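Below is the sequence, then the predicted model.
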Amino acid sequence: MATIVDKQGKHRLSLHGLGVICALTAAVWLGAAEAPTKLVTAGFSPFAISSAMVCGVFLSRWTFPTLLKGTAYVFADLAEKKHLIVWALLAGVLWAEGNTLTVFAVRDVGLAVAFPLWNANSLIGLLWGRVLFYELKGANRGNIAKVVLGAVAIALAAVMLAFSTVHAGVGQHAMHGVIAAIGAAFCFGTMYVPYRKAYLSGMNPLSFVTAFTVGEVTMMFALTFALDHGMHSSAVQLFHQPGLLFWLFLGGCVWVVGDLFQQFAAKYVGIGRGIPLSNTNQLWGLAWGALVFGELAGASHERMLLVIGGSVVMILGALAISTAVASEQEQHATNEVVKRECERYDLDHEKVVLSQQGDELDRSAGDKRWWDYAIVAVATGIFVWLAVRAVIPPLQMNLRWLGVLAGILLLALAAGTYCLGKRTNFE
């Protein structure tokens, strides 16, 4: 059987290169996805904002896998690996909790500052990757140094940004915002454990996210009704305002695109490398917060130095980690984990190894059915219906920068989709 290294030699784009491209594409889209959470400053509760975004996520999570592979393929993949359904549901629950905390953080300290703080999730992901999946086992000193120094840089950046928040007069609840952002980091960092477990077992990311969405929707509505006054929640009021609802649904859709690329990055380069690289989304979050919403307008010189310096340090730390290309010894350790998963759950080792290389065995379940097109049509129709009724949000925005960043989104999507489709056919 061909090894991963042998397989890479047959393609112009290595799996590591593909993982890096997917992570960078994810960063651009994940950075933009949090922009609609600014509506929390217009008087809506974080639960209302998060609930509406999750509805957009739900529609999109079913649409993209259906469009690319078909429901028959997705359900066949899930049926082969039933044990991973529980893990996908758990990941969805963690995401719903983390996403709600990010909205609280945006409300209390702003997008430009909160975003880098919750991106400390890469530290949590690194820890779980090493402990549970033997990432960096057998790594050379250079790779270990990159990972350790990168982790220290990320932690230092988080401290800098937290200090700038507490002392910059962002608001009387600034510390609450910092705590919420750090809580989101723990939720998101732990969420990557089911990701990695699924892909080491050969599951397609498109199948994983289909089960994932059930967990996130269930948890989000449970949080809303339990903690936000039940049927009197502001979420109920928000759903009677389709003019604003569109933007939150759109934010959920944008997040799904970014998360799908992040899923593929986690599959091909691991969570220890893929997640820190995708966490450069903090740069794009800073761009949306500062350029479109003017969050840093009038900020003091000291605060600007801390925010910008912390962001740069965090980027450098993430890049140091992500450029630590796995050696043969590390790949061997990964193969041992794959064997462990196959033996534990009685999986076909050959199929799992091929999946690791982006070359799953062909399945007849990949054909589209009429209901696949119906699912896509219904989801698209809901977005169109909301878009027709959309109104400009009650926020001050720089429309010129909005157009520029939207253009970058489309360019990143085109590049990422081309590379992923050509190299693996979304497998």
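In hand now; what should we look at?

How about stretch 301-318, which residues are buried there?
Of the residues in stretch 301-318, those buried by neighbour count under the rule 16 or more other Cβ atoms under 10 Å are 303, 306-308, 310-311, 313-315, 317-318. Any C-beta I mention is one placed from the backbone N, CA and C, and that applies to glycine too.

per-residue confidence averaged over that stretch?
Model confidence over stretch 301-318 averages 81 on the pLDDT scale.

Any idea how far it is from the middle of the chain?
Its chain's C-alpha centre lies 22 Å from the corresponding centre of stretch 301-318 when counted by Cα atoms, centre = their mean, to the nearest Å.

what's the answer for stretch 120-129, then?
Here stretch 120-129 shows a centroid-to-chain-centroid distance of 14 Å under the convention Cα atoms, centre = their mean.

Restricting to C-alpha, output that stretch in CSV.
Extracted C-alpha coordinates of stretch 120-129, given in CSV (Å, rounded to 0.1, in the frame of the first residue of the first chain):
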residue,chain,number,x,y,z
ALA,A,120,-6.3,31.3,22.0
ASN,A,121,-8.2,28.1,21.3
SER,A,122,-5.2,27.0,19.3
LEU,A,123,-3.4,26.4,22.6
ILE,A,124,-6.1,24.1,23.7
GLY,A,125,-6.1,22.4,20.4
LEU,A,126,-2.4,21.9,20.6
LEU,A,127,-2.7,20.3,24.0
TRP,A,128,-5.4,17.8,22.9
GLY,A,129,-3.6,17.0,19.7
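
picking up where we left off before, and which of the buried residues of stretch 301-318 is nearest to Leu90?
Using Cβ to Cβ, Ala318 is the member of the buried residues of stretch 301-318 that lies nearest Leu90, at 25.5 Å.

can you list contacts of stretch 320-330?
Outside of stretch 320-330, the residues within contact range by Cβ atoms under 8 Å, 6 or more residues apart in numbering are 5, 16, 20, 23, 122, 126, 135-140, 142-143, 146-147, 149-151, 153, 269-270, 272-274, 276-277, 334.

List the buried residues for that stretch?
For stretch 320-330, burial by neighbour count (16+ other Cβ under 10 Å) applies to 320-322, 324, 326, 330.

And the residue nearest the centre of the protein?
Among the residues of the chain, the smallest C-alpha distance to the mean C-alpha position (Cα atoms, centre = their mean) belongs to Asp259, namely 3.7 Å.

sec struct for that one, please.
Secondary structure assignment for Asp259 (DSSP: H, G, I helix; E, B strand; the rest coil): helix.

these two touch, right, it and Pro205?
No: with contacts defined as Cβ atoms under 8 Å, Asp259 does not count as touching Pro205, sitting 9.1 Å away.

How much space separates Val109 from Ile179?
From Val109 over to Ile179 the distance is 10 Å, taken as Cβ to Cβ, to the nearest Å.

Break down the stretch 201-350 of the chain into its strands, ranges please.
In the stretch 201-350 of the chain, no segments count as strands under DSSP state E, counting those that start in this stretch.

can you map out the helices along the stretch 151-300 of the chain?
Remark: helices of the stretch 151-300 of the chain, listed N- to C-terminal, are 174-200, 205-227, 234-238, 242-269, 271-278, 281-287; assignment by DSSP state H, counting those that start in this stretch.

If you rank every helix and strand of the protein by mean pLDDT, what lands last?
Lowest on mean pLDDT, DSSP states H and E among the helices and strands of the chain sits helix 4-8, with a mean of 44.

ok, back up a step: as TSV, the helices of the stretch 151-300 of the chain with distance to Leu395 would be great.
Putting the helices of the stretch 151-300 of the chain into TSV (distance: least, Cβ to Cβ, whole Å) gives the following:
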stretch	distance to Leu395
helix 174-200	18
helix 205-227	23
helix 234-238	15
helix 242-269	10
helix 271-278	27
helix 281-287	16
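
who wins for proximity to Gln357 among the ones you listed?
Shortest distance between Gln357 and these, using Cβ to Cβ, is found for helix 242-269: 9.1 Å.

Which residues belonging to that closest one are considered buried?
Within helix 242-269, the residues scored as buried using 16+ other Cβ under 10 Å are 242, 244-269.

Find the nearest non-adjacent residue to Asp228, please.
Phe47 (3.9 Å; Cβ to Cβ, 6 or more residues apart in numbering).
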